[in-house]
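Student: structure, please.
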Amino acid sequence: MAEKDINLKLVLKRFPPGDRWTPADSEQPVFSSLTEGIEWVFQSTQARDYLIKAAEGQVFVYCENEIAEPEPEPVKTYNLYGEYE
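Tutor: The predicted structure is shown next:
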């Protein structure tokens, strides 16, 4: 199984009281529900994967990228005299 690099970007924060949300980097607009906020993020970014930290009042866009396997070391070659080339 390949290793994965996981990136999280904060996109929404809860705006108390109740279930109101705002963009992470702004106080406007204020969304009246989490669903409305996530729809706004989707329309802005086309992101489809989210991590919701309900207790902290935060919503993150979640992105995984596979980490490429390192290139194998080249095979050592030796000359007629047994010396490494």
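Student: check contacts around Phe60.
Tutor: Neighbouring residues of Phe60 by Cβ atoms under 8 Å, 6 or more residues apart in numbering: Leu8, Lys9, Leu10, Val11, Tyr50, Leu51, Ile52, Lys53. (C-beta placed from N, C-alpha, C; glycine too.)
Student: among these, name the buried ones.
Tutor: Buried residues within the contacts of Phe60, counting neighbours by 16 or more other Cβ atoms under 10 Å: Val11, Tyr50.
Student: and of the contacts of Phe60, the nearest to Tyr62?
Tutor: Nearest to Tyr62 among these is Leu51, at 4.7 Å by Cβ to Cβ.
Student: beta partners of that closest one?
Tutor: Beta bridges link Leu51 to Phe60, judged by DSSP bridges.
Student: rewinding a little: closest to Leu80 out of the contacts of Phe60?
Tutor: Using Cβ to Cβ, Leu8 is the member of the contacts of Phe60 that sits closest to Leu80, with 56.7 Å.
Student: per-residue pLDDT, the residue nearest to the closest one when sequence neighbours are not counted?
Tutor: The spatial neighbour of Leu8 that comes closest, neighbours along the chain excluded (Cβ to Cβ, 6 or more residues apart in numbering), is Phe60 at 4.2 Å. With respect to pLDDT, Phe60 has a value of 96.
Student: what of the one 5 residues further on?
Tutor: Per-residue confidence for Asn65 comes out at a pLDDT of 78.
Student: burial of it, as a residue count?
Tutor: Neighbours of Asn65 under the rule other Cβ atoms under 10 Å: 10.
Student: can you pull the contacts of it?
Tutor: By Cβ under 8 Å, 6+ apart, the residues touching Asn65 are Lys4, Asp5, Asn7.
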